[in-house]
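**Q** build me a model from this:
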Amino acid sequence: MNNSKAASFTEFEIVGFSGLQEYKTPLFFGFLVLFLITLTANLLILFLVAVDHRLHTPMYFFLWNLSLLDLLMTIAIIPKLLAVLLEINKEISFAGCFLQMYFIIAVGASELFLVAAMAYDRYVAIVKPLQYNVIIDIKACIAIAAIVWLLGFLLPIVSITLASYLPFCASNKILHCFCDYPVVIALTCTDVTLHANLALGLAMLVVFIPFLFVLWSYYRIVMSVVRLKTTASRRKAFSMCSSHLLVVLLYYLSTAVLYIGLRIESISYDDRIFIGGLNYFLTPMVNPLIYTLRNENMKEAAKKYLNVYTLFRQGLHRSG
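**A** Residues are numbered from 1 along each chain as shown. Take a look at the predicted model:
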């Protein structure tokens, strides 16, 4: 092993979409628009939930946390990607790369745990409505959110820390648009089987345990709704969890597409990047749209506070 060569690398270079160089300007503006929409939509949810007392309930508390995680995921990836597409700064330090990698994995894991926590909230609301305010009180909400964030940010520490000590001597070019774990460790000049198995085990833990819990919650919800006597009651019960169910489907369908797509050898390099970015680019934008467009309370809060803000601006303009 050439240790001197390994030691000579002090940074990585993020290649981005190497096969689409002639489209880098449209790609830049596309990701810029995506970034601005995602930023605006999630900040709007954070603002509305904070200021509207009607949204001070457990469901919107968890939605607030989901929007915050989506916002963090977007900030962790897209600003650097925009710099890469403009060829302003393709380099990223070793520490910066592993920090970005850790942050993306930690936020992604936290989101999956939070989706499971939101399923539990819907389960209690529909199956045990009379006990809802007792079971899901403010202390329970804070405790659940704390567990979600702690699990998400603690689980990846060991695998990312171990990977950061690997010798990198093959190449410093990351064939992706961010520091993706499997792409980065593929640049090492040593056997990474143990690291790959550890990462795979943690990924299975993070994906399948929340997924099984979500399945259990919705099985209990469906069984409870089926027993309701009237069609109106059943429709109301299903509407209470329809937005969350769409988010669940979005997360796990995109994860399934990612898992299957990256194992089809005929898929090109740039297509693999698009598939790999499905979770990271689209989900943070779609989540707030699902909750704001399908939720009457969110729409009413948006009308109320955005209209107040508009009137305030008009008043300032007239007085000036």
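**Q** quick one, what contacts residue 202?
**A** By CB atoms under 8 Å, 6 or more residues apart in numbering, residue 202 lies in contact with 155, 156, 159. Heads up, the C-betas are built off the backbone N, CA and C, glycines and all.
**Q** show me what secondary structure element comes after the helix-or-strand element of the chain with minimal mean pLDDT.
**A** Within the chain, confidence by mean pLDDT, DSSP states H and E is lowest for helix 3-8 among all helices and strands, at a mean of 43. Using DSSP states H and E, the next helix or strand after helix 3-8 towards the C-terminus is strand 11-14.
**Q** okay, now the sheet partners of that next one, with direction.
**A** strand 91-93 (antiparallel), strand 173-174 (parallel) (DSSP bridges).
**Q** for residue 88, which three-state class applies?
**A** coil (DSSP: H, G, I helix; E, B strand; the rest coil).
**Q** nearest residue to residue 166 in space, please, no chain neighbours.
**A** Nearest non-adjacent residue to residue 166, counting by CB to CB, 6 or more residues apart in numbering: residue 188, 4.5 Å away.
**Q** could you do residue 98 as well?
**A** Closest to residue 98 by CB to CB, 6+ apart is residue 164, at 4.7 Å.
**Q** count the residues that sit near that neighbour.
**A** For residue 164, the neighbour count with other CB atoms under 10 Å is 16.
**Q** now the helix or strand hosting residue 210: buried residues?
**A** If you go by DSSP H and E, residue 210 is part of helix 193-226. For helix 193-226, the neighbour count (16 or more other CB atoms under 10 Å) marks 195-196, 199, 202-203, 206-207, 210-211, 213-214, 217-218, 220-221, 224-225 as buried.
**Q** cool, and stretch 11-28?
**A** 12, 14, 15, 16, 17, 27, 28.
**Q** how about those residues in TSV, adding pLDDT and distance to residue 184?
**A** Listed next are the buried residues of stretch 11-28 as TSV, based on pLDDT from 0 to 100; distance: CB to CB, whole Å:
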residue	pLDDT	distance to residue 184
12	93	7
14	91	10
15	87	12
16	81	15
17	77	17
27	86	22
28	90	24
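**Q** and which of the residues you listed is nearest residue 46?
**A** residue 28 (26.6 Å; CB to CB).
**Q** distance of the closest residue to the closest one other than its chain neighbours relative to residue 14?
**A** Spatial nearest neighbour of residue 28, chain neighbours left out: residue 85 (4.2 Å); criterion: CB to CB, 6+ apart. Distance check for residue 85 against residue 14: by CB to CB, to the nearest Å, it reads 10 Å.
**Q** low-confidence bits of this structure, can you list those?
**A** Within the chain, the ranges that satisfy pLDDT under 70 run 1-8, 19-20, 170, 258-270, 272, 274, 276-278, 293-294, 307-320.
**Q** re earlier: so what sits against both of residue 85 and residue 14?
**A** With CB under 8 Å, 6+ apart, residue 85 and residue 14 have no common neighbours.
**Q** doesn't residue 139 belong to a helix?
**A** Yes - under three-state DSSP, residue 139 falls within a helix.
**Q** residues contacting it?
**A** Residue 139 neighbours (CB under 8 Å, 6+ apart): none.
**Q** ok, residue 32 next?
**A** Taking CB under 8 Å, 6+ apart, we find residue 32 in contact with residue 82.
**Q** what about the strand or helix carrying it, distance to the chain center?
**A** Element membership for residue 32, per DSSP H and E: helix 24-51. Relative to the mean C-alpha coordinate of its chain, helix 24-51 is positioned 14 Å out (CA atoms, centre = their mean, to the nearest Å).
**Q** quick one: the helix or strand following that helix to chain centroid distance?
**A** Scanning forward in sequence from helix 24-51 by DSSP H and E, the next helix or strand is helix 58-85. Averaging C-alpha positions (CA atoms, centre = their mean) puts helix 58-85 7 Å from its chain's average.
**Q** nothing else from me, thank you.
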